[in-house]
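> Give me a model of this one.
(chains A and B)
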Number of protein chains: 2
Amino acid sequence: MAGHVSDAVIRRLPGYYRHLRELESAGVEQISSQELGERMHLTPSQIRQDINCFGGFGRQGYGYKVSDLKMHIGEILGLDREHTEIIVGAGNIGCAIAKYPTFQREGFRPLAMFDNDPEKVGVPVGDIPVYSMEEMPNFLKENTPDIAVLALPRRVAQEALDKLYACGIRAVWNFAPTDLTHPDDMLVVNVHLTDSLQTLTYHMAHRNEENSK
Amino acid sequence: MAGHVSDAVIRRLPGYYRHLRELESAGVEQISSQELGERMHLTPSQIRQDINCFGGFGRQGYGYKVSDLKMHIGEILGLDREHTEIIVGAGNIGCAIAKYPTFQREGFRPLAMFDNDPEKVGVPVGDIPVYSMEEMPNFLKENTPDIAVLALPRRVAQEALDKLYACGIRAVWNFAPTDLTHPDDMLVVNVHLTDSLQTLTYHMAHRNEENSK
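Numbering: from 1, shown residues only, chains lettered A, B, ... in the order given. Just a heads-up that it's a prediction; the model follows:
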């Protein structure tokens, strides 16, 4: 694999993977940087530059082999292996993630869910067992999930994150609507749903100004 | 309000709003650019520049009044008014969004949900009625929601988006894991959950390289 990959390229990688997967499902075998660029709203030269950046793969005038490029980008994204996960919080978001079909297809396997609500504990979500938060440290002595999904309300999220760190978890996908404090050796990627919705309302509120520019 | 606001500032606005709301709940009345910068991992001069950009508000040496600044940013984000919405797709994600408490607190009011599954149609989610997709055009003749939340599988998302456009919807919050094609006068903001999760696995796969840099 190639040398240093810039943050901008890293941000675009999942988009490449998504488009290539769609092309593969549609039976497309070969694609030019021109065509891929049109799909992704990038210039052909940007596409070529990106793909060179993670190791090349095209042949001048032939474009890219869709399945090879998809596999290669999947490897860079770490998708060539299975990831196990626990889901902390068995509310609506936690359950939606637990049941999201795409994640299981892409090799994400939930081991257990944890919640404080006695009505939820003991009632499996699909085939995923739900344990109490108190059982988490013991569970994490015997199991070493790769990822913890944090789907708790804001006010209890930091405490749960600290607990996860103490139990050895080093990668967290956070849905709590807050920025958590964590040690440098813990990876935290946030899904701030409210931020995304507010981006929409911002553009709605300023649509007329933007159109009149 | 100030003149042109750059995309980078727009992207940071929801973060400002989130931090200021947390500060306000914590009873903080006044904050310096230094302190706000530490919370948000931005430099004080970046903070001052951003806030000047949307109309100023601080006094040299006094910092910012938390509740005023929060209200001002809320207005810029269009949060000073209620937004009505419909949710297309009553699966796990659609239902999680329907029940998400933060959205209702921030003035987002779901009017109805739509789904093709006969087992879901007619069974309200909380107090939100669920109608069949066929009923959508008629519903949208009598109701004019500000936003449609699209929470459908990839293969039916484009068709639903086209239908929404034909029914007069011009703002969509899309959870379908695909990039949809839409006319220029329709706003579409995507939440690509898989992309976010893959950002996490990318950093997990490259953690050792990154640490050894």
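> touching chain B at all, stretch A:196-203?
Yes. Using C-beta under 8 Å from any C-beta of the partner chain, stretch A:196-203 reaches chain B at A:196, A:197, A:198, A:199, A:200, A:201, A:202, A:203. (Each C-beta comes from the backbone N, C-alpha and C, glycine too.)
> same question but for stretch A:5-20, I mixed them up
Yes. Shown here: stretch A:5-20 in contact with chain B (C-beta under 8 Å from any C-beta) through A:10, A:11, A:13, A:14, A:15, A:17, A:18, A:19.
> okay, the residues of stretch A:196-203 next to chain B in JSON lines with neighbour count, pLDDT and secondary structure next?
Converted to JSON lines, those look like this (neighbours: other C-beta atoms under 10 Å in any protein chain shown; pLDDT from 0 to 100; DSSP: H, G, I helix; E, B strand; the rest coil):
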{"residue": "A:196", "neighbour count": "17", "pLDDT": "94", "secondary structure": "helix"}
{"residue": "A:197", "neighbour count": "26", "pLDDT": "95", "secondary structure": "helix"}
{"residue": "A:198", "neighbour count": "25", "pLDDT": "94", "secondary structure": "helix"}
{"residue": "A:199", "neighbour count": "18", "pLDDT": "93", "secondary structure": "helix"}
{"residue": "A:200", "neighbour count": "23", "pLDDT": "95", "secondary structure": "helix"}
{"residue": "A:201", "neighbour count": "27", "pLDDT": "95", "secondary structure": "helix"}
{"residue": "A:202", "neighbour count": "21", "pLDDT": "94", "secondary structure": "helix"}
{"residue": "A:203", "neighbour count": "17", "pLDDT": "94", "secondary structure": "helix"}
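> and of those, the nearest to residue B:166?
If you rank these by distance to residue B:166 using C-beta to C-beta, residue A:200 comes first, at 20.1 Å.
> show me the contacts for the closest one.
Counting by C-beta atoms under 8 Å, 6 or more residues apart in numbering or on different chains, residue A:200 touches B:147, B:171, B:173, B:187, B:189.
> per-residue confidence at the closest residue to the fourth one other than its chain neighbours?
Read that as residue B:187. Distance criterion C-beta to C-beta, 6 or more residues apart in numbering or on different chains; nearest residue to residue B:187, sequence neighbours excluded, is residue B:171 at 4.6 Å. pLDDT, residue B:171: 98.
> With residue A:59 instead?
Confidence score, pLDDT, at residue A:59: 64.
> sorry, back to before: list just the nearest of the contacts of residue A:200 to residue B:41.
residue B:189 (23.6 Å).
> my guess is that closest one is in a strand, correct?
Yes. Assessed with DSSP: H, G, I helix; E, B strand; the rest coil, residue B:189 lies in a strand.
> Residue A:143 against residue A:109, yeah?
No. The criterion here is C-beta atoms under 8 Å, and residue A:143 misses it with residue A:109 at 11.5 Å.
> and for those two, which residues touch both?
Joint contacts of residue A:143 and residue A:109 (C-beta under 8 Å, 6+ apart) are residue A:84.
> quick one: contacts for the closest residue to residue A:195 other than its chain neighbours?
Of all residues not flanking residue A:195 in the chain, residue B:14 sits nearest, at 3.6 Å (C-beta to C-beta, 6+ apart). Residue B:14 is in contact with A:192, A:194, A:195, A:196, A:198, A:199, B:77, counting by C-beta under 8 Å, 6+ apart.
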